[in-house]
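# Next comes the sequence, and after it the predicted model I'd like to discuss.
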Amino acid sequence: MPGARILVIEDDDDTSRLEKTVLEQAGYDVRVSATGSAGLEAAAAFVPDVVILDVGLPDISGLDVCTSLCNSNDAFILMVSGHSREQDVLLGLGLGADDYITKPFSGNELVARVASFLRRRAKRSADPESTVTVGDLVLDRDHHALSMNGRSVPVTAFQFRLMRFLAESLGRLLTRAQILEHVWHDTSGVPTRAVDVHVAELRKKLAEIEAPLEIVSVRGIGYRLDRK
């Protein structure tokens, strides 16, 4: 998608310069912010398709910025950090980030990750179905919400995609690998435990609106959405 809007939130000049250069060479419209607060303002005005978000920002934690973006923006979020510990990766994904990349990384890898996000966006735009129903539960893509009997709870774009996949496979066991392949479309560098983090968040959302559905764990294999 040439011309797609990419927002880089990164305080390290060398890193942001690399990101801006390779992404512009790939044909994208790129804006750069050096702080979390400036990044949030830019996201509201620029309305990016993808946000490349550094964890270690000078004013606001990148994790807090991620939470704010997920609640106010439909952009895909790629978190960037110098930490490669799995718990850091899982924390970022649990907050709603779509993927995670650790420093140092190549320009080609960054462009490939962004291109993967944009392919997903194009596929989603081509899908006319904006809602999915499971009994009285409604999954609303346009409003990023799960609704039932007058109750509604917001979900991130990723949580919507995961819930939709589970709902479309109601009663069928899905392996973690299947979920990663279907929802992420690119499993490189993404630990399978990331699925566990997002499932835990969805369970909280379903409980909040008292939906008569449960996500059942099958030890060592994956998950299944069942009616209670």
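Received the coordinates, thanks.

# got the domain boundaries for the chain?
5-125, 131-227 (automatic domain parsing).

# State the mean pLDDT of the shortest one.
Predicted confidence along domain 131-227 averages 85 (mean pLDDT).

# picking up where we left off before, would a markdown table of the domains of the chain with mean neighbour count be doable?
C-beta: built from backbone N, CA, C; applies to glycine. Listed next are the domains of the chain as a markdown table, based on neighbours: other C-beta atoms under 10 Å:
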| stretch | mean neighbour count |
| --- | --- |
| domain 5-125 | 18 |
| domain 131-227 | 16 |
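
# what helices or strands is the longest helix along the chain leaning on?
With DSSP state H setting the assignment, residue counts place helix 107-125 as the longest helix in the chain. Secondary structure elements in contact with helix 107-125, counted by 3 or more C-beta pairs under 8 Å, 6 or more residues apart in numbering; DSSP states H and E, are helix 13-25, strand 50-54, strand 76-81, strand 99-102.

# among the ones you listed, which is nearest R141?
strand 76-81 (14.5 Å; C-beta to C-beta).

# For the closest one, which outside residues touch it?
Applying C-beta atoms under 8 Å, 6 or more residues apart in numbering, the contact partners of strand 76-81 are 10, 15, 49-56, 62, 66, 69-70, 88, 92, 96-103, 105, 113-114, 117, 120-121, 157.

# what does stretch 141-151 give?
Contact with stretch 141-151 is made by 74, 124, 130-132, 136-140, 152-157, 160, 163-164, 205-206, 208-211, as judged by C-beta under 8 Å, 6+ apart.

# which ones among those residues are found in helices?
When these are checked against helices (DSSP H), the matches are R124, A157, F160, M163, R164, K205, L206, E208.
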